[in-house]
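# Sequence and computational prediction follow.
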Amino acid sequence: MPRALVIVPFPMDEDNLARRRAQLGAVRLGGDVEFHFRPVAIAPANYVSQQDSVLADVGILQAGVEAERQGYDAICIDTVSDSGMAALRSALDIPVIGAGRHAILIALTLGERFSILAMWDRWRHLYTKTLAELGLAHKCASLRAAGLQPDNQSLMAGREDAYFPALLEAARRCVEEDGADVIVLGSTTMHEAHAYLAERLPVPIVNPGPLTYRLAETAIRLRLRHSRIAYPAPRDDARAVLAAMGAAAATPGATAS
């Protein structure tokens, strides 16, 4: 049976990993592709600076290169930052699906203008980067944050009563004040709020994580992968270097952030 690996962008224990894995419940898949979830060894504490972005790219690249060696047929990147996506497409011969750009692209199949709904404003640079790369800033009605402190480990556990209404209020402003006709959730850490928002808003809410699973499944079935013209293969194999970096980060006493 084909297998897809979902790369979770932070080290975490099994209980917190299960909260990420719960995203599978939001999409009906065909059952002929297995989805496994694995946290990275190398990661920043959060994605709030350019330094963080470099660490995130390296950690996800290392995890993805190892995944292809282990026989996985596709990779999903469980962060809207799309960290490591371009590097993995260059290095690998299997489909690599990033949550951010694909959520934006699917939003434009559902409406004319979308807003990106975030938890906090320090993620803004992640969205502006992707919008610039896609040339779609003119289609983005707004980037709105709800002023909430994210937790990349336990997500929204125990804070739903405060977080869900705050996200709903920010989303309503996207629609009523900014003119959005589609909302994109600005992080896979927000997936627990998707059903709550979808039931209360008059526009589609794109849930980036589950979308990547469907796209990975489709890519496997149709035997599609990224273009080698857009993502040329490297001349030198960095697998050994990446493996050593991952092993060093996993050594007790080492710090990855």
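Cool, got the structure. Numbers count the residues shown, from 1 in each chain.

# Excluding chain neighbours, what is closest to Asp52?
Nearest residue to Asp52, sequence neighbours excluded (CB to CB, 6 or more residues apart in numbering): Pro44, at 3.7 Å. Heads up, the C-betas are built off the backbone N, CA and C, glycines and all.

# what's the answer for Leu148, then?
Counting by CB to CB, 6+ apart, Leu148 lies nearest to Met119, which is 4.3 Å off, once chain neighbours are set aside.

# Help me confirm that that neighbour comes into contact with Thr188.
No: counting by CB atoms under 8 Å, Thr188 is not a contact partner of Met119; they are 11.5 Å apart.

# Pick out whichever of the two has more residues nearby.
Thr188 (28 against 24; other CB atoms under 10 Å).

# and that one, what does it touch?
Counting by CB atoms under 8 Å, 6 or more residues apart in numbering, Thr188 touches 20, 23, 78-80, 99, 208-209.

# how would you label Gln153: helix, strand or coil?
Using DSSP: H, G, I helix; E, B strand; the rest coil, the structure places Gln153 in coil.

# Can you report how many residues neighbour it?
Residues lying near Gln153 (other CB under 10 Å) number 16.

# For it, list the residues it contacts.
Neighbour list for Gln153: 10, 12, 16 [criterion: CB under 8 Å, 6+ apart].

# Quick check: the gap between it and Ser49.
Applying CB to CB, to the nearest Å, the value for Gln153 to Ser49 is 19 Å.

# What of Arg200?
Separation of Arg200 from Ser49 (CB to CB) stands at 34 Å.

# Is it possible to get the contacts of Thr188 out as TSV so that each row also shows secondary structure and pLDDT?
Below are those laid out as TSV (DSSP: H, G, I helix; E, B strand; the rest coil; pLDDT from 0 to 100):
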residue	secondary structure	pLDDT
Arg20	helix	92
Gln23	helix	92
Asp78	coil	96
Thr79	coil	96
Val80	coil	96
Ala99	helix	97
Pro208	helix	97
Gly209	helix	97
